[in-house]
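Engineer: how would this look folded up:
(chains A and B)
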Amino acid sequence: MKEQLTLLIQQALDALVADAVLPADTAPQIQIERTRDKSHGDLACNIALALAKTARRKPRELAEQICAAMPASPLVTRTEIAGPGFINFFLSDDTAQSVIRRIFEQGTAFGTNDSGAGRKVQVEFVSANPTGPLHVGHGRGAAVGDSLCRLLAATGWDVASEFYYNDAGAQIDNLALSVQARCKGLTPEDPAWPQDGYRGDYIAELAQAYLRGDTVDAEDRHVTGSGDADDLDDIRQFAVAYLRREQDLDLKAFAVHFDEYFLESSLYADGAVERTVARLVETGHCYERDGALWLRTTDYGDDKDRVMRKREGGYTYFLPDVAYHLNKWQRGFERVINEQGADHHSTVTRVRAGLQALQQGIPEGWPDYVLHQMVTVMRDGEEVKLSKRAGSYLTLRDLIDEVGRDATRFFLVARAPNSQLTFDIDLALSQSNENPVYYIQYAHARSCSVMRKLAEQGWDWQAQDALQHLDQLQEEHEKTLLRELDRYPEIVANAALNSEPHTVATYLRELAGAFHTWYNAHKMLVEDRPVRDARIALSQAVGQVIANGLDLLGVSAPEVM
RNA sequence: GGGGGUAUAGCUCAGCUGGAUAGAGCACCGGCCUUCUAAGCCGACGGUCGUAGGUUCGAAUCCUACUACUCCCGCCA
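Structural biologist: Purely as a prediction, here's the structure:
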């Protein structure tokens, strides 16, 4: 639609250049935008405002000339000059109604496009360390990351989702020591409790399972505890598997799937870390100081250099991070999006710097990052403090159990990742009726309900017949809905392009609102068959788009509520 | 002190990459169920878009400087 109007404008401009109204080198960007106010038509173009100066004419006067030079088109019933010099387009009824035909033809594919052209993209998200259950912050990452995957797939990318976890570092040692302490009957209050040990109750449960000799089946590993409280290595293996399984269950309950679980330890095992160090030394961006090996990340915009190998010989997390991302690059992901908490912001510059220092032809801004801000949880009007080590804990699973998966996902994905989010449990619990997700789902359920009612009345409805009567959609509310439906493909395209899943949620809220308004204002199941057929077609189209949109958010579209 | 982020209605947030009179939802007030699901609808109320400059036909949106809140600044991840 926009493309076709752009073409019309372009033809008009060409004609004006030929008439020497515009200079020959005129090459403006033609912007067509949707109008906010219906009295301004359906679409508008600001080209006359933009070109007024070079044309040395008043904007409105130039707009007149552009309109006069524009070829006629069946898409448009009329154009109008308005305001300071906008050209407003009024689409023909047939053009506006054709969106229903497209929705019926494309079904669940309506709104998708192939702009990704099958290129490989990886989205890494959650990536929680196996040192405790997933909390609400991880939930935000899961909701946003999974929705990003769906959006990218919907726009033609070949998407791979990945969960990276540290199964070898200092935090894991810390975990093993904490479990061992529990095995030996210590509690966090005990003076002999490990420094910075994990204090949560789940550590005690874990210790019991280990002592019992339980077998755990995690997504990527299966371990049986020996029950030997002195075998720290065995405890480590068991604890990691145990917590990985817990996280798997959380993710399953959240309907989030990963194609790959990537172990940090594998980077050591296959020599990738060593090779990365060697390469960095080779390219000359390293130096030794105070017994440690440093990478001169300041060469690439960091505010200070970073240690890669510690004085005592071990590596900092920074180095495996670089090795890991090199691995991603070598796997052929031309685009990688890392969804993480904003508290990891400082790694962005560092990882990119490390990759540049490798001199492997990796683009400068690679990889992309989507950082989400903190989630604050409120209960009884007070902030719930989350601290793994202190043991005060509200897990993602608690939240799903309390308010449901759909509501949890919707809440966590419905806001711009870059703004802080307050998750008010009391609101989500006691007033779940006011939850926006129900509002949207209800619109979908209503569109399904009408079909059931139709059958009860013994009436028949066929899509192909109904499409013959779309000209019956003459109510203002119906025209509003048609406009809303027509926006959807752009919403999806922009959400994917800008990594902003929340815009889909905003859109669905608006579409559902327009539907409810119409539903209350006009009856669908009327005696007049052409009108009835057309209205049901509209209702079905809305239901389809809501279902498509909710799916991009990982939220269900129930047929009955 | 350095860096990231945020600041829009009483509260929670949108604002389509610079457009026309800044929008929703809660909350509060007033209406609508013998009619396809009232988890709904309609109306009213509510704003110096943090402050001050700048860029231009035009700024909530872009730039600069302040202010407030928040996160990060480890040879932890």
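
Engineer: for A:Lys58, which non-adjacent residue is spatially closest?
Structural biologist: Closest residue to A:Lys58 apart from its sequence neighbours, by CB to CB, 6 or more residues apart in numbering: A:Ala52 at 6.6 Å. (Glycine included, C-beta is placed from N, CA and C.)

Engineer: I meant A:Thr395, not that one.
Structural biologist: A:Thr395 sits nearest to A:Pro133 (CB to CB, 6+ apart), 4.4 Å away.

Engineer: what do you get for A:Ala192?
Structural biologist: A:Ala192 sits nearest to A:Leu186 (CB to CB, 6+ apart), 5.8 Å away.

Engineer: now the one you found: how far from RNA strand B?
Structural biologist: As defined by CB to the nearest atom of the strand, to the nearest Å, A:Leu186 lies at a distance of 22 Å from RNA strand B.

Engineer: gap between the residue nearest to A:Thr395 and A:Leu16?
Structural biologist: Applying CB to CB, to the nearest Å, the value for A:Pro133 to A:Leu16 is 66 Å.

Engineer: low-confidence ranges, chain A, go.
Structural biologist: A:385-393, A:429-434 (pLDDT under 70).

Engineer: buried ones in whichever strand or helix holds A:Leu152?
Structural biologist: Per DSSP states H and E, A:Leu152 falls inside helix A:136-154. Neighbour counts over helix A:136-154 (16 or more other CB atoms under 10 Å) mark A:136-154 as buried.

Engineer: with stretch A:125-139 instead?
Structural biologist: By 16+ other CB under 10 Å, the buried positions in stretch A:125-139 come out as A:125-139.

Engineer: and that stretch, how far apart are its ends?
Structural biologist: Here the two ends of stretch A:125-139 are set 10 Å apart, with distance taken as CA to CA, to the nearest Å.

Engineer: quick one, helices of the stretch 151-300 of chain A?
Structural biologist: A:170-183, A:201-212, A:232-253, A:264-269, A:272-282 (DSSP state H, counting those that start in this stretch).

Engineer: the fourth one near RNA strand B anywhere?
Structural biologist: Okay, so that is helix A:264-269. Yes: among the residues of helix A:264-269, A:Glu264 lie within reach of RNA strand B under CB under 7 Å from any atom of the strand.

Engineer: show me what that helix is packed against.
Structural biologist: helix A:318-330 (3 or more CB pairs under 8 Å, 6 or more residues apart in numbering; DSSP states H and E).

Engineer: equivalent analysis for the second one, please.
Structural biologist: Under the contact definition 3+ CB pairs under 8 Å, 6+ apart, helix A:201-212 sits against helix A:170-183, helix A:232-253.

Engineer: tell me which of those sits nearest to RNA strand B.
Structural biologist: Closest of these to RNA strand B is helix A:170-183, at 4.1 Å (criterion: CB to the nearest atom of the strand).

Engineer: what's in contact with that closest one?
Structural biologist: A:129-131, A:166, A:190, A:192-194, A:196-199, A:203-204, A:206-207, A:210-211, A:229, A:232-233, A:235-236, A:238-240, A:243 (CB atoms under 8 Å, 6 or more residues apart in numbering).

Engineer: which residues touch the residue nearest to the spatial centre of chain A?
Structural biologist: Chain A has A:Leu148 as the residue nearest its centroid, 3.3 Å off, counting by CA atoms, centre = their mean. By CB under 8 Å, 6+ apart, the contact list for A:Leu148 reads A:Val123, A:Phe125, A:Ile337, A:Glu339, A:Val370, A:Ala496, A:Ser499, A:Pro501.

Engineer: mind redoing it with 10 Å?
Structural biologist: Residues in contact with A:Leu148, defined by CB atoms under 10 Å, 6 or more residues apart in numbering, are A:121, A:123, A:125, A:159, A:161, A:337, A:339, A:370, A:413, A:417, A:495-496, A:499-501, A:552.

Engineer: now swap in A:Arg483 and tell me
Structural biologist: Shown in contact with A:Arg483 (CB under 10 Å, 6+ apart): A:Arg34, A:Thr35, A:Lys38, A:Asp42, A:Leu43, A:Leu91, A:Ala96, A:Val99, A:Ala514.

Engineer: please repeat the previous calculation with a cut-off of 7 Å.
Structural biologist: Neighbouring residues of A:Arg483 by CB atoms under 7 Å, 6 or more residues apart in numbering: A:Asp42.

Engineer: before we move on, what about the one 3 residues further on?
Structural biologist: Under the criterion of CB under 7 Å, 6+ apart, the contact partners of A:Asp486 comprise A:Val99.

Engineer: please repeat the previous calculation with a cut-off of 10 Å.
Structural biologist: Applying CB under 10 Å, 6+ apart, the residues near A:Asp486 are A:Met1, A:Arg34, A:Asp42, A:Leu91, A:Thr95, A:Ala96, A:Ser98, A:Val99, A:Ile100, A:Arg102, A:Ile103.

Engineer: A:Tyr300 too?
Structural biologist: A:His285, A:Thr349, A:Arg350, A:Arg352, A:Ala353, A:Gly354, A:Leu355, A:Gln356, A:Ala357, A:Glu364.

Engineer: now do A:Thr316
Structural biologist: A:Gly169, A:Ala170, A:Ala292, A:Leu293, A:Leu295, A:Arg306, A:Val307, A:Met308, A:Arg309, A:Lys310.

Engineer: repeat that for A:Cys67.
Structural biologist: Per CB under 10 Å, 6+ apart, neighbours of A:Cys67: A:Leu8, A:Ile9, A:Ala12, A:Ala48, A:Arg78, A:Thr79, A:Glu80, A:Ile81, A:Ile87.

Engineer: A:Ala414 too?
Structural biologist: A:Ala414 makes contacts with A:143, A:421, A:436-437, A:501-506, A:508-509, A:553, A:555, as judged by CB under 10 Å, 6+ apart.

Engineer: just give me the neighbour total for A:Val281.
Structural biologist: Neighbour count for A:Val281, taken as other CB atoms under 10 Å: 15.

Engineer: could you measure A:Gly107 against RNA strand B, distance?
Structural biologist: 21 Å.

Engineer: correct me if wrong: that residue contacts A:Gln544.
Structural biologist: Yes: the pair A:Gly107 / A:Gln544 is scored as a contact, 6.6 Å apart, by CB atoms under 10 Å.

Engineer: which parts of the stretch 151-300 of chain A sit against RNA strand B?
Structural biologist: So the stretch 151-300 of chain A meets RNA strand B at A:Asn166, A:Gly169, A:Ala170, A:Gln171, A:Glu264, A:Arg289, A:Asp290, A:Gly291, A:Ala292 (CB under 7 Å from any atom of the strand).

Engineer: burial check on the nearest residue to the fifth one once chain neighbours are set aside, number of neighbours?
Structural biologist: Read it as A:Glu264. Spatial nearest neighbour of A:Glu264, excluding adjacent residues (CB to CB, 6+ apart): A:Asn166 at 4.5 Å. A count of neighbours around A:Asn166, defined by other CB under 10 Å, yields 19.

Engineer: one more: the one 10 residues further on?
Structural biologist: A count of nearby residues for A:Ala176, using other CB under 10 Å, gives 21.

Engineer: kindly report the same for A:Asp343.
Structural biologist: 12.

Engineer: so it touches A:Gly137, yeah?
Structural biologist: Yes: shown here, A:Asp343 and A:Gly137 form a contact pair, counting by CB under 10 Å, at 8.8 Å.

Engineer: any residues in contact with both of those two?
Structural biologist: A:His372, A:Gln373, A:Met374.
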